[in-house]
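# Got a predicted structure plus its sequence, pasted below:
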There are 2 protein chains.
Amino acid sequence: MVHADASNFVEGITKEQAYTQVLLQAEGLFDDQRNWVCNLANAASLLWHAYKSLPSPSNQVNWAGFYVLDPKATQSKSQLILGPFQGKVACQTIAFGKGVCGTAAESQTTQLVPDVEQFPGHIACDGDSRSEIVVPIVVASEGGAGKLVAIIDIDCADLEGFDEVDKKYLEKLAELLARSCDW
Amino acid sequence: MVHADASNFVEGITKEQAYTQVLLQAEGLFDDQRNWVCNLANAASLLWHAYKSLPSPSNQVNWAGFYVLDPKATQSKSQLILGPFQGKVACQTIAFGKGVCGTAAESQTTQLVPDVEQFPGHIACDGDSRSEIVVPIVVASEGGAGKLVAIIDIDCADLEGFDEVDKKYLEKLAELLARSCDW
């Protein structure tokens, strides 16, 4: 199979089926590859093409990708830096605690935001984005507490673009990425 | 200006104008940021949206992105690994010397391929791709000879998708990326 076929999703499938295909394809791709840049790049492509195969609001997703822990950040001033994505040009760095991404990173909890304009301190990288889901990618660290290594960030041009189904499957993808890459 | 606006290209501009905008926007984005993952991710987005604003064959571009020198490769067995891109899921690693990308990497020269099926050892990541241009990103190294750090790879679903204009401007982008990132 040529690799591009992994991005082909059958029209008419449900969101659960699309996410299940994303997870299966991702697991296959990561099986012999632990490079995080490579794996996040292909994961962004899988997600983007899955959303585009689904009905509204999912097909109104206008950005799908990743921010990772900035290696230049200090312990006292952690920040995220842009990773692989599909969509328009994006903000390069985001401080922990700032906006939807920074809040997910700092709290290590998924942020499901039906209306970004109602979110305190929202950072508008793209004025077209109306709703957003951000899922932390956390690896086990020595002390026992998890270490935030990256976030999954998906934006939608419709309000209420995401629900508990997105949260459930994106959290599965975050777990898969956490254990499948050398961070 | 929100960052996404950098991806908006006016309809009706020439290819030269689109590439000039890509270079200007890239220079602005890289001005205070030397992280190569971040910069390649935004550069792939700029290129993708530039092509989509142009007439055929440029708007038939079906993959735009980067491969980088695999940090796990050995000196005796160099290989490229997938970096940030826009488009469908792609091959994860490519050996130096293999296919269009591997040839550009090994020879450190741009490969302008009007028909990929005529290229010896072409690797079909996507069966839809008909033509391709690959431009090496080379940095100065201690010995004086340049070191290959990455390649720009653009695929088109039309034959003869690229010409000397693409070569000229993508080589300018490669030079900009070479000097603007910490590799």
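Sure, I can see it. Residues are numbered from 1 along each chain as shown, chains lettered A, B, ... in the order given.

# Please count neighbours and contacts with C-alpha atoms only from this point.
Noted.

# Show me which residues of chain A sit near chain B.
Residues of chain A found near chain B, taking Cα under 8 Å from any Cα of the partner chain as the criterion, are A:2-7, A:33, A:37-38, A:41-42, A:45-46, A:49, A:81-92, A:124-127.

# Please repeat the previous calculation with a cut-off of 7 Å.
Counting by Cα under 7 Å from any Cα of the partner chain, chain A comes close to chain B at A:2-4, A:6-7, A:37-38, A:41-42, A:45-46, A:81-92, A:124-126.

# The residue most central in space within chain A bridge partners, please.
In chain A, the C-alpha nearest the mean C-alpha coordinate belongs to A:Ile152, at 1.9 Å (Cα atoms, centre = their mean). With DSSP bridges as the criterion, A:Ile152 is bridged to A:Phe66, A:Val135.

# gap between it and A:Pro136?
6 Å (Cα to Cα, to the nearest Å).

# among the residues of chain A next to chain B, which are in strands?
Those of those mapping onto strands are A:81-87, per DSSP state E.

# Which members of those are the farthest-apart pair?
The span of these, defined through Cα to Cα, is set by A:Ile81 and A:Gly87 at 16.1 Å.

# Pick out whichever of the two has more residues nearby.
A:Gly87 (25 against 22; other Cα atoms under 10 Å in any protein chain shown).

# follow-up on the earlier one: which one of the ones in strands among the residues of chain A next to chain B sits closest to B:Gly99?
The nearest member of those to B:Gly99, counting by Cα to Cα, is A:Pro84 at 24.0 Å.

# So that closest one sits against A:Phe66, correct?
Yes - taking contacts as Cα atoms under 7 Å, A:Pro84 lies within contact range of A:Phe66: 5.9 Å.

# Between the two, which is the more surrounded one?
More crowded of A:Pro84 and A:Phe66, by other Cα under 10 Å: A:Pro84, with 31 against 27.

# quick one, phi psi at the nearest residue to A:Gly12 once chain neighbours are set aside?
In this structure, A:Gly12 finds its nearest non-sequential neighbour in A:Leu54, 7.1 Å apart by Cα to Cα, 6 or more residues apart in numbering or on different chains. In terms of degrees, to the nearest 10, the main-chain angles of A:Leu54 are phi -100, psi 160.

# repeat for the one 10 residues further on
When quoted as degrees, to the nearest 10, the phi and psi of A:Ala64 stand at phi -140, psi 120.

# would you list every one of the strands in chain A?
Taking DSSP E, the strands of chain A run over residues A:61-69, A:79-87, A:93-95, A:111-113, A:131-140, A:146-156.

# what does the last one rub up against?
The one in question is strand A:146-156. For strand A:146-156, contacts defined as Cα atoms under 7 Å, 6 or more residues apart in numbering or on different chains pick out A:60-69, A:105, A:108, A:129-141, A:183.

# what do you get if the cut-off is 6 Å, keeping everything else the same?
The contact list for strand A:146-156 (Cα atoms under 6 Å, 6 or more residues apart in numbering or on different chains) reads A:60-69, A:129-141.

# And the second one, by the same measure?
With contacts defined as Cα under 6 Å, 6+ apart, strand A:79-87 is touched by A:41, A:44, A:62-70, A:73, A:92-96, B:37-38, B:41, B:84, B:86.

# Next: the fourth one.
Contacts of strand A:111-113 with the rest of the structure, by Cα under 6 Å, 6+ apart, involve A:104, A:131-134.

# at 7 Å instead, please
A:100, A:104, A:131-135.

# Can you lay out the residues you listed as TSV showing pLDDT and neighbour count?
Converted to TSV, the contacts of strand A:111-113 look like this (pLDDT from 0 to 100; neighbours: other Cα atoms under 10 Å in any protein chain shown):
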residue	pLDDT	neighbour count
A:Val100	96	25
A:Ala104	97	26
A:Ser131	97	23
A:Glu132	97	26
A:Ile133	98	26
A:Val134	98	28
A:Val135	98	28
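
# what two of the residues you listed are the furthest from one another?
That would be A:Ala104 and A:Ser131, which, of the contacts of strand A:111-113, are the farthest apart (Cα to Cα) at 14.6 Å.

# hey, where'd the helices end up in chain A?
Under the criterion DSSP state H, helices of chain A are mapped to A:15-30, A:36-52, A:99-107, A:164-180.

# Tell me which of those helices is the most buried.
Counting by mean count of other Cα atoms under 10 Å in any protein chain shown, helix A:36-52 has the highest mean neighbour count of the helices of chain A, with a mean of 26.

# Could you give the separation of that one from the chain centroid?
Taking Cα atoms, centre = their mean, to the nearest Å, the mean C-alpha location of helix A:36-52 is offset from the chain mean by 9 Å.

# Convert that helix to PDB, retaining C-alpha atoms only.
Coordinates of each C-alpha in helix A:36-52 appear next as PDB, following Å, rounded to 0.1, in the frame of the first residue of the first chain:
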ATOM      1  CA  TRP A  36       8.300  12.400  17.200                       C
ATOM      2  CA  VAL A  37       8.600  14.900  14.300                       C
ATOM      3  CA  CYS A  38       7.800  12.200  11.700                       C
ATOM      4  CA  ASN A  39       5.000  10.700  13.800                       C
ATOM      5  CA  LEU A  40       3.300  14.000  14.600                       C
ATOM      6  CA  ALA A  41       3.500  15.000  10.900                       C
ATOM      7  CA  ASN A  42       1.700  11.900   9.800                       C
ATOM      8  CA  ALA A  43      -0.800  12.100  12.700                       C
ATOM      9  CA  ALA A  44      -1.700  15.700  11.700                       C
ATOM     10  CA  SER A  45      -2.300  14.400   8.100                       C
ATOM     11  CA  LEU A  46      -4.500  11.500   9.300                       C
ATOM     12  CA  LEU A  47      -6.600  13.800  11.500                       C
ATOM     13  CA  TRP A  48      -7.000  16.500   8.800                       C
ATOM     14  CA  HIS A  49      -8.200  14.000   6.200                       C
ATOM     15  CA  ALA A  50     -10.500  12.300   8.700                       C
ATOM     16  CA  TYR A  51     -12.300  15.500   9.500                       C
ATOM     17  CA  LYS A  52     -12.600  16.500   5.800                       C
END
